[in-house]
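>>> pasting the structure only:
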């Protein structure tokens, strides 16, 4: 029997492949340079997590402190544990409510028969993503604040006002609703692209077999989205302990640190404002390592269930 020859790309040497793709590589060099300069080189600064860092002495002149900066983590510092608790609460809320929201919205948009209405709806839904958190927080304050439109309407009708913006018990719910309002529309892009790749003949076959719209969605649409859902969920796990620094720091004074302090604001308040650079770096380093571990573990689970995940085996 004749053996199948190896693909041509495998027959070419590395030097020949580099020479063949030299134009593409030259175009990629600026982007690669920016990633190295702003993402990989700063990783070297994590060494201050093991030092008693003093800005006026610099990294080289500061004394080594070993694991002393990690004491807030190992010994259970109350402020750190409070920040960790709030971070985990927001992580759970965002995983349960924020992550599925664009999937549901994409399914809803995909069910629209009029392409014109679909394009108009997409344009409106994408708009909040381009607003900064300063504008979004200001809009919510104008709508739901003590002197906002809602409370002014209630006062004009002799009804009791609602304390929403400054209510610490509703703060986590408020943050979650702000994220859903701002980013859900933009996040539908990937899911709508995946939906467009599903073969229409599958729907036709399901319809001939008597499947309802709900059954078509369950047996055709969702399986077609499974790959992109798993990929985005794995990437979300790597960022799961990052729950929105700018959004929270803008509203922290209204409710206090007890309910608003998260790991990112803990690093900022203790490092940049408090001068505990080593402690802040230690917390940030552990947070990053946990994110990497979650991505690797989730990707391994995806491989077990036959999915490609972030990278193939």
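Done, it's in. Here the structure is a predicted model, which means the values were calculated and not measured.
>>> From now on I want contacts and neighbour counts done on CA atoms only, so please keep to that.
Fine.
>>> Does anything pack onto the helix or strand encompassing residue 126? Which helices or strands?
Using DSSP states H and E, residue 126 maps to helix 115-126. For helix 115-126, the packing partners by 3 or more C-alpha pairs under 8 Å, 6 or more residues apart in numbering; DSSP states H and E come out as helix 100-110, helix 171-196.
>>> pLDDT (mean, whole number) over that helix?
Mean pLDDT, computed over helix 115-126, is 90.
>>> any idea which helix or strand comes after it?
helix 133-144.
>>> ok, residues contacting that next one?
With contact meaning C-alpha atoms under 8 Å, 6 or more residues apart in numbering, helix 133-144 is reached by 128, 148-151, 164-165, 178, 182, 246-247, 250-251.
>>> before we move on, what about stretch 88-101?
Residues outside stretch 88-101 that contact it (C-alpha under 8 Å, 6+ apart): 172, 176, 179, 180, 184, 233, 240, 241, 243.
>>> ok, now with 7 Å
172, 176, 180, 184, 240, 241, 243 (C-alpha atoms under 7 Å, 6 or more residues apart in numbering).
>>> Out of those residues, which comes closest to residue 122?
residue 184 (10.8 Å; C-alpha to C-alpha).
>>> Determine the number of other residues adjacent to the residue lying closest to the closest one once chain neighbours are set aside.
Distance criterion C-alpha to C-alpha, 6 or more residues apart in numbering; nearest residue to residue 184, sequence neighbours excluded, is residue 102 at 5.0 Å. When neighbours are counted by other C-alpha atoms under 10 Å, residue 102 registers 22.
>>> and residue 102, what does it touch?
Neighbouring residues of residue 102 by C-alpha under 7 Å, 6+ apart: 184, 185, 187, 188.
>>> Isn't the second one up against residue 125?
Yes - using C-alpha atoms under 7 Å, residue 185 is in contact with residue 125, at 4.6 Å.
>>> how about the helices in the stretch 151-300 of the chain?
Under the criterion DSSP state H, counting those that start in this stretch, helices of the stretch 151-300 of the chain are mapped to 171-196, 200-208, 213-216, 222-238, 245-249, 252-255, 257-260, 263-267, 277-304.
>>> Would you tell me which one of the ones you listed is buried the most?
Highest mean neighbour count of the helices of the stretch 151-300 of the chain: helix 263-267, a mean of 24 (counted as mean count of other C-alpha atoms under 10 Å).
>>> what comes into contact with that one?
By C-alpha under 7 Å, 6+ apart, the residues outside helix 263-267 that reach it are 83, 84, 87, 242, 245, 249, 280, 283, 284.
>>> I'd like the average pLDDT over it.
When pLDDT is averaged along helix 263-267, the result is 93.
>>> Could you shift the numbering so residue one becomes 24, and keep it that way?
Will do, 24 is the new start, and the previous item becomes helix 286-290.
>>> Next, count neighbours for residue 37.
11.
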